[in-house]
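1. Quick one, fold the following:
(one chain, ligands or ions: 1)
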Amino acid sequence: MTLPAQFEGRLTLPLIAAPMFIVSGAELVLAACRAGVIGTFPSLNCRTTDDLDARLTHLDNVLAADAACGRRVAPYGVNLICHRTNTRLAADTELVVRHRVPLVITSGGSPRGIVERVHGYGGVVLSDVTDARWARKAAAAGVDGLILVCAGAGGHAGTMSPFALLPEVRAFFSGTIVLAGAISDGRAIRAAEVLGADMAYMGTRFIATEEANADARYRAMLIDGTAEDLIYTDVFSGIPANMLRPSIRQFGLDPDNLPAKNALNVSKELNIDVKAWRDIWTAGQGLTTIHDAPPVAALVARLRTEYEAALRCPVMPDRHPA
Ligand SMILES: Cc1cc2nc3c(=O)[nH]c(=O)nc-3n(C[C@H](O)[C@H](O)[C@H](O)COP(=O)(O)O)c2cc1C
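-> Numbering: from 1, shown residues only. This next block holds a predicted model:
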């Protein structure tokens, strides 16, 4: 196990509630940390850098007060989008450093430039990658860990099987490996560890919780749906992502016969305003195992029970005694 020392003794499960645009509001992050899993959110969920400052102050105060009462709380994390189109990156990074955010997750570009700043105050940097080439680049930038976003993930999913990508990355990277993609129950968290991961990364499962900032119809699509309700398409966000077919149909669009190459054209052609994430919703293939929308604390307790049951899973010789 290569768990960052900063996380030791603070977690109920080796689990990060993944950052999700719009969905990961302050309530979800706090509920995750209080349940003992790392709660995270994209900095861009705050409309301005000032809003981000206020959000970070709130989280710092509430979690510090909990800890002062002897309550065990997991650290929290902020996701910085490192793509050149993110004009707020420099300002948001300054705030993250000023608040000494315990975990920084970079996605959409190189973490170079961020690693040194975060290490300067003792924080942890994990970087999202979808293949070994990007994993090597992030590793060379000095990150503490890599998040392998594999096939079947919600949002901008990769296309690699975790069975192929994880051992390939482990062969050259000795830091923390976090596995992502369709992990929705405690057994899958354990399976990620068996495969060689140090932690699991779970997005979609947390959309169907009471604390998530998600439309009731979005939650219902997860509860009622299966992986067959997903289409892997770049039409709405420009990068391939798993999108919920029923959310596309809501706008009178046929998911198998989309009228144009990108959402802008879709909006223009049909004279409707549709945006990825806000209107056209994403989910990972793990939605098949989602049947309810409990409070986060109840979900994490259940994940823990499932994880423990998986720890007791019989191995081959027990099933087939000689
Ligand atoms: C609704 C939604 C929004 C997301 N937004 C972001 C984001 O803003 N930044 C990011 O790095 N990843 C984002 N992701 C990807 C998640 O962080 C994570 O990689 C993914 O959810 C893991 O797969 P799973 O959903 O199958 O558990 C998003 C995923 C979902 C489902």
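
2. Can you give the contact residues for the strand or helix carrying Phe41?
-> For Phe41, the host element (DSSP states H and E) is strand 38-42. Here strand 38-42 makes contact (C-beta atoms under 8 Å, 6 or more residues apart in numbering) with 7, 11, 15-21, 24-26, 28-33, 55, 74-81, 103, 105. In short, each C-beta sits where N, CA and C put it, glycine included.

3. Could you restrict those residues to the ones contacting the ligand?
-> Among the contacts of strand 38-42, proximity to the ligand is found for 18-21, 79 (C-beta under 6 Å from any ligand atom).

4. Name the strands paired with the strand holding Phe41 and say parallel or antiparallel.
-> strand 15-17 (parallel), strand 76-81 (parallel) (DSSP bridges).

5. packing partners for whatever helix or strand comes next after the first one?
-> Right, the one you point to is strand 15-17. Downstream of strand 15-17, the next assigned helix or strand under DSSP H and E is helix 26-35. With contacts taken as 3 or more C-beta pairs under 8 Å, 6 or more residues apart in numbering; DSSP states H and E, helix 26-35 sits against strand 15-17, strand 38-42, helix 49-68, strand 76-81, helix 296-311.

6. Pull out the buried positions in helix 26-35.
-> By 16 or more other C-beta atoms under 10 Å, the buried positions in helix 26-35 come out as 26, 28-35.

7. tell me the angle that helix makes with helix 49-68.
-> Orientation check (axes from the mean of the first three to the mean of the last three C-alpha atoms, to 10 degrees): helix 26-35 against helix 49-68 gives 30 degrees.

8. Show me what the mean pLDDT comes to for helix 26-35.
-> For helix 26-35, mean pLDDT is 98.

9. Kindly report the same for stretch 173-181.
-> Stretch 173-181 comes out at a mean pLDDT of 98.

10. I'd like the numbering to begin with 47 instead of 1 from here.
-> With 47 as the first residue, the last one maps to stretch 219-227.

11. How far away from the center of its chain is it?
-> 13 Å (C-alpha atoms, centre = their mean, to the nearest Å).

12. Need the contact partners of that stretch.
-> 48-50, 62, 64, 172, 174, 181, 185, 189-199, 203-204, 208, 212, 215-216, 238, 241-249, 330-332.

13. These in helices, which ones?
-> 181, 185, 208, 212, 215-216, 238, 241 (DSSP state H).

14. buried subset of those residues?
-> If we count by 16+ other C-beta under 10 Å, those have these buried: 181, 185, 208, 212, 215-216, 238, 241.

15. Give me every residue in the stretch 47-196 of the chain lying close to the ligand.
-> 64-67, 69, 88, 125, 153, 174, 195.

16. Most neighbours among those residues, which one?
-> Counting neighbours by other C-beta atoms under 10 Å, Ala64 comes out on top of these with 33 neighbours.

17. What about Thr48, how many residues nearby?
-> Neighbours of Thr48 (other C-beta under 10 Å): 14.

18. Thank you, goodbye.
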